[in-house]
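A.B. asks: Structure, please.
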Amino acid sequence: MDDTQERTGPAELQGEPTEFVRRIGLFQATTINMSQMCGIGPFVTIPLMVAAFGGPQAVIGFVAGAILALADGLIWAELGAGLPGAGGSYVYLRQAFQYRTGKLMPFLFVWTAMLFIPLTMSTGVIGFVQYLGYLWPGMSQGQGDAVGLVVTALIVLLLWRRVENIAKLTVGLWCVMITSVVLVILAAFTHFSPHRAFTYPAHAFELSSNHFWIGFAAGLTIGIYDYLGYNTAAYMGAEIKQPGRTMPRAIIYSILGIMAIYLLLQIGTLGVVDWKDMLDPANPASTSVASAVLEKAWGKGPADTVTVLILITAVASVLAGLLGGSRVPYDAARDKVFFRAFGKLHPRHRFPVLGLLTMGAIMAAGFLVGRHTDLATIIQLLTTVMVIVQALAQVAAVTVLRRRQPGLRRPYRMWLYPAPSVVACVGWLVIYGYADKNSPGRHPIEWSLAWLAAGCVAFVLWARYEKVWPFGPREISEEYLHPAGPGDGDSTGETGPVAP
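C.D. replies: Here you go, the predicted structure:
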């Protein structure tokens, strides 16, 4: 069967399409990841990173974030290549933990993802409005709220179409993203001051200081937030052509590409704008640092033009994230682990309607709430919820699946196993453990545990209604041990490093 025609999923029911079609290739998958990863994130978090470290040594945060992203990305690469279904983590956790806890872990993931994915996207809309303030200095709070809601609705409308058309759109938006980032980097390095970029405050690298490590944990959290999105294509595993080859390459290429961009962007910005200006709320550099770089380097006109490109980049990031995230509840609904209405696709365009609409609504609500709070605090809250249910669980899932399903065809096996799992586990634990110290008075750990506890209660009620474990037998499904055809992965049996 040709890859472009291959379908994946259950049979058609009552004339309604219930299958995805594999239409997304390597370049499109990589651009989807990179568009989601970059977006508005680094343009709004550079001042936050500088504040966390207290100086231009903030570059450490982006390096640490890249190491964690690469280690975790190798986990996603192995799982995505071997289990190429819609929903990403939902499929991986369902397959790994079904033997002891039934559908508890996939249920908790979907329960959590329905919150943290759209809220993460809402920070992109917040960044959009923040940068719009550079072009519209007199924008009021109410006007900014209205703009954000309109942008949210526009993104939902853009996603209301066939996935191959969206993939083409993301390639175009990716080009805009690359253009905006390259222009900011060029502007920075044409007016670069090594003295400004590499003059550090006293005790900047005092490793014995508790202040350094608290700042490092805060910087690692911000750094991994900026890299998040390398897994977007994995959520669309049922729509990826030759996922056994495509998935690992898309993840690794996007991480390495964005790492290079971020380091150049961070160092270049610190060489143009004094880091102390980024900490001054009255200075434009604290809210729209990239525009400040352009204005200092090339003047107000070019700064305005590139700011428009940055706004388009923000839209591209949110669009890519919501595109992948809206697929998460689909597989769960088909398996009766979530509301069944989420398992229906649009009759003509073949996308999950209710998942898109629901996440769009939560994203709008998160935007309104986030406009009246601190962006760093939102990042802390989102990250703690994600770490406990998704990140740490997937680290365990790789090992569990290697033991429980040794016969699973793995077109890609992570390099240097289990070293990446150990690095990822330590990184996520550092982020989680220091969350409360980095957000005094906000209690993100307590909130994440409360949300997890509420999810467990919801699962018990749901399991009783569906009569599944612990109120019925555990249902063991190992369908990926018997792939439907070559389009589900590769017939080569390839393992080890990803070739170019």
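A.B. asks: tell me the phi and psi of the residue lying closest to residue 82 once chain neighbours are set aside?
C.D. replies: Among residues not flanking residue 82 along the chain, residue 410 sits closest, at 4.6 Å (Cβ to Cβ, 6 or more residues apart in numbering). Every C-beta, even on glycine, is put in place using the N, C-alpha and C of the backbone. Torsion angles at residue 410 (phi, psi; degrees, to the nearest 10) stand at phi -110, psi 90.
A.B. asks: so how far is whichever strand or helix holds residue 130 from its chain's centroid?
C.D. replies: Here residue 130 sits within helix 104-135, counting by DSSP states H and E. Its chain's C-alpha centre lies 9 Å from the corresponding centre of helix 104-135 when counted by Cα atoms, centre = their mean, to the nearest Å.
A.B. asks: just stretch 73-87 next, same as before
C.D. replies: With Cα atoms, centre = their mean as the basis, stretch 73-87 stands 14 Å off its chain's centre.
A.B. asks: Surely residue 407 touches residue 82?
C.D. replies: No. Taking contacts as Cβ atoms under 8 Å, residue 407 lies outside contact range of residue 82: 10.9 Å.
A.B. asks: Looking at those two now, which is surrounded by more residues?
C.D. replies: Using other Cβ atoms under 10 Å as the criterion, residue 407 and residue 82 rank with residue 82 on top: 28 against 8.
A.B. asks: List the contacts of the more buried one.
C.D. replies: Applying Cβ atoms under 8 Å, 6 or more residues apart in numbering, we find residue 82 in contact with 244, 401, 408, 409, 410, 411, 412, 480, 489.
A.B. asks: now swap in residue 394 and tell me
C.D. replies: Going by Cβ under 8 Å, 6+ apart, residue 394 touches 72, 75, 76, 79, 89, 92, 93.
A.B. asks: if you look at these, which of them are in strands?
C.D. replies: Judged by DSSP state E, strands contain none of the contacts of residue 394.
A.B. asks: how about the residues you listed in a markdown table, adding pLDDT and neighbour count?
C.D. replies: Output for the contacts of residue 394, formatted as a markdown table (pLDDT from 0 to 100; neighbours: other Cβ atoms under 10 Å):
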| residue | pLDDT | neighbour count |
| --- | --- | --- |
| 72 | 97 | 27 |
| 75 | 97 | 23 |
| 76 | 96 | 27 |
| 79 | 96 | 28 |
| 89 | 89 | 27 |
| 92 | 94 | 30 |
| 93 | 94 | 28 |
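A.B. asks: Pick out the most distant pair among these.
C.D. replies: 72 and 93 (14.8 Å; Cβ to Cβ).
A.B. asks: one step back: doesn't residue 81 make contact with the residue nearest to residue 82?
C.D. replies: Yes. With contact defined as Cβ under 8 Å, residue 410 counts as touching residue 81 (6.6 Å).
A.B. asks: For the two, work out which one has more neighbours and name it.
C.D. replies: residue 81 (31 against 21).
A.B. asks: Not counting residues beside it along the chain, what's closest to the more buried one?
C.D. replies: residue 412 (4.1 Å).
A.B. asks: Does the one you found lie in a helix or a strand, and which?
C.D. replies: With DSSP H and E as the test, residue 412 turns up in no helix or strand.
A.B. asks: What distance do you get for it to residue 159?
C.D. replies: 29 Å (Cβ to Cβ, to the nearest Å).
A.B. asks: Repeat that for residue 203.
C.D. replies: Where residue 159 is concerned, residue 203 sits at a distance of 48 Å (Cβ to Cβ).
A.B. asks: So for these two, which residue has more residues nearby?
C.D. replies: residue 159 (20 against 12).
A.B. asks: I figured that one hits residue 351, correct?
C.D. replies: Yes. Between residue 159 and residue 351 there is a contact at 7.0 Å, judged by Cβ under 8 Å.
A.B. asks: joint contacts of these two?
C.D. replies: Contacts common to residue 159 and residue 351, judged by Cβ under 8 Å, 6+ apart, are residue 326.
A.B. asks: okay, how far is it across stretch 202-217, tip to tip?
C.D. replies: End-to-end span of stretch 202-217 (Cα to Cα, to the nearest Å): 20 Å.
A.B. asks: Point out where the stretch 1-150 of the chain drops to low pLDDT.
C.D. replies: The model of the stretch 1-150 of the chain has pLDDT under 70 over residues 1-19.
A.B. asks: And residue 309, how far from residue 120?
C.D. replies: 22 Å.
A.B. asks: neighbour count winner among the two?
C.D. replies: residue 120 (28 against 19).
A.B. asks: Run through the residues that contact the residue lying closest to that one once chain neighbours are set aside.
C.D. replies: Closest residue in space to residue 120, ignoring its immediate chain neighbours: residue 382 at 5.4 Å, by Cβ to Cβ, 6+ apart. By Cβ under 8 Å, 6+ apart, the contact set of residue 382 is 116, 119, 120, 123, 225.
A.B. asks: And what about residue 382, helix, strand or coil?
C.D. replies: helix (DSSP: H, G, I helix; E, B strand; the rest coil).
A.B. asks: Also the one 5 residues further on?
C.D. replies: Taken by three-state DSSP, the conformation at residue 387 corresponds to helix.
A.B. asks: Quick check, it in contact with residue 433.
C.D. replies: No. Using Cβ under 8 Å, residue 387 is not in contact with residue 433, being 9.8 Å away.
A.B. asks: neighbour-wise, which of those two wins?
C.D. replies: residue 387 (24 against 13).
A.B. asks: What's the separation between the more buried one and residue 339?
C.D. replies: Counting by Cβ to Cβ - residue 387 and residue 339 are separated by 26 Å.
A.B. asks: Not counting its neighbours along the chain, what's nearest residue 183?
C.D. replies: Using Cβ to Cβ, 6+ apart, the nearest residue to residue 183 is residue 306, at 5.0 Å.
A.B. asks: And residue 119, by the same measure?
C.D. replies: residue 366 (4.1 Å).
A.B. asks: which residues are contacting the host helix or strand of the one you found?
C.D. replies: Per DSSP H and E: residue 366 is located in helix 353-370. Outside of helix 353-370, the residues within contact range by Cβ under 8 Å, 6+ apart are 114-115, 117-119, 121-123, 125-126, 145, 148-149, 152-153, 155-156, 159-160, 318, 322, 325-330, 339, 341-342, 344-346, 378.
A.B. asks: give me the low-pLDDT residue ranges for this structure?
C.D. replies: 1-19, 162-167, 331, 349, 374-377, 436-442, 482-500.
A.B. asks: For residue 253, give me its contacts.
C.D. replies: Taking Cβ under 8 Å, 6+ apart, we find residue 253 in contact with residue 30.
A.B. asks: one step back: buried subset of the contacts of helix 353-370?
C.D. replies: Taking 16 or more other Cβ atoms under 10 Å as the criterion, what is buried in these is 114-115, 117-119, 121-123, 125-126, 148, 152, 155-156, 159, 318, 322, 325-330, 342, 344-345, 378.
A.B. asks: Give me the neighbour count for residue 362.
C.D. replies: The burial count for residue 362: 19, using other Cβ under 10 Å.
A.B. asks: Residue 335 too?
C.D. replies: 21.
A.B. asks: how close does it sit to residue 21?
C.D. replies: Residue 335 is 20 Å from residue 21, by Cβ to Cβ.
A.B. asks: Residue 27 too?
C.D. replies: From residue 27 to residue 21 the distance is 18 Å (Cβ to Cβ).
A.B. asks: just residue 430 next, same as before
C.D. replies: With Cβ to Cβ as the criterion, residue 430 and residue 21 are 41 Å apart.
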